[in-house]
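> Model the following, please.
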Amino acid sequence: MTSFLDRDSPRLLIFEDYDKGVLTERLIRQAVDACRVRGILSAVDPKKRHFLSYAGVDIFKPNLKEVREGLGIPVDPGDTATLDAAHAALSERLGHRFSLITLSEHGIYHAGDGRSHRIPTHRRNIADVSGAGDTVIAVASLVHAVTGDMSLSAEMANIAGGIVCEEVGTVAITRERLEAECRRLMEVEEEDVDSRT
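Now for the predicted structure:
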């Protein structure tokens, strides 16, 4: 692990935990520590078995069901106060920088650096949710690695996850489609804000 990090100097390492036994607590600890020492951004899409094993990771991206089960607390996706409480509980246990919680039809929530926000979903014709979580963590982590802006990362990841859900099965999205959707939806949001002021 460390020889790869030293040789290739990546800016980002994503743990995509499928609970298949590949990611052990020891491997997770060593990888997170190695990333911290080298200033490499680390992100995880956790699953149940090692849910609270990712102490010190930068971006922690569970879905709503995983947060409820992992912490054993009620979380209402429409109530920012309960989402903030979940982020606080996660932070206490993990000491991570950012929470990014996917909320299915309720959108996505992000918190960190003393700020939190819930972003609603955009209207979509949902065909299949397979692969949406993978897409969300990949896009959010990449955008954050490049920009350092968690709000932008969450917004773009929310859009990317929605695009994937319009297709049947696990599919890859193109950069061109993502860029076009982000421009269109973010411009609509700016127009809505301008019209209310």
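> Toward the C-terminus, what is the element adjacent to the helix or strand Ser116 falls within?
Ser116 is part of strand 115-119, with elements assigned from DSSP states H and E. Note on strand 115-119: by DSSP H and E, the next helix or strand toward the C-terminus is helix 132-147.
> Alpha carbons only: can I get that following helix in PDB?
The C-alpha coordinates for helix 132-147 follow below in PDB (Å, rounded to 0.1, in the frame of the first residue of the first chain):
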ATOM      1  CA  ALA A 132     -25.800   5.400  -7.500                       C
ATOM      2  CA  GLY A 133     -23.700   5.300  -4.300                       C
ATOM      3  CA  ASP A 134     -20.600   4.400  -6.200                       C
ATOM      4  CA  THR A 135     -21.100   7.400  -8.600                       C
ATOM      5  CA  VAL A 136     -21.800   9.800  -5.700                       C
ATOM      6  CA  ILE A 137     -18.600   9.000  -3.800                       C
ATOM      7  CA  ALA A 138     -16.500   9.000  -7.000                       C
ATOM      8  CA  VAL A 139     -17.800  12.400  -8.200                       C
ATOM      9  CA  ALA A 140     -17.900  14.100  -4.700                       C
ATOM     10  CA  SER A 141     -14.400  12.900  -3.900                       C
ATOM     11  CA  LEU A 142     -13.000  13.900  -7.300                       C
ATOM     12  CA  VAL A 143     -14.600  17.400  -7.300                       C
ATOM     13  CA  HIS A 144     -13.400  18.000  -3.700                       C
ATOM     14  CA  ALA A 145      -9.900  16.800  -4.500                       C
ATOM     15  CA  VAL A 146      -9.800  19.400  -7.400                       C
ATOM     16  CA  THR A 147     -11.700  22.300  -5.800                       C
END
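> Quick check: which helices or strands does that helix pack against?
Under the contact definition 3 or more Cβ pairs under 8 Å, 6 or more residues apart in numbering; DSSP states H and E, helix 132-147 sits against strand 12-16, strand 41-45, strand 59-60, strand 98-102, helix 150-165. (Glycine included, C-beta is placed from N, CA and C.)
> which parts of it are buried?
Residues of helix 132-147 classed as buried by neighbour count (16 or more other Cβ atoms under 10 Å): 132-145.
> strand partners of the strand holding Ser116, parallel vs antiparallel please.
Sheet pairing of strand 115-119 (DSSP bridges) gives strand 108-112 (antiparallel).
> Quick one: distance of the partner strand to the chain centre.
Mean-position distance between strand 108-112 and its chain equals 8 Å (Cα atoms, centre = their mean, to the nearest Å).
> Now tell me which helix or strand of the chain has the poorest mean pLDDT.
Taking mean pLDDT, DSSP states H and E as the measure, the chain has helix 175-196 as its least confident helix or strand, at a mean of 71.
> Quick check: Leu13 vs Gly161, distance?
21 Å (Cβ to Cβ, to the nearest Å).
> So for the two, which sits in the more crowded spot?
Neighbour comparison, Leu13 and Gly161: the larger count goes to Gly161, with 26 against 22 (by other Cβ atoms under 10 Å).
> quick one, what contacts that one?
Shown in contact with Gly161 (Cβ atoms under 8 Å, 6 or more residues apart in numbering): Thr102, Ile108, Ala132, Gly133, Thr135, Val136, Val139.
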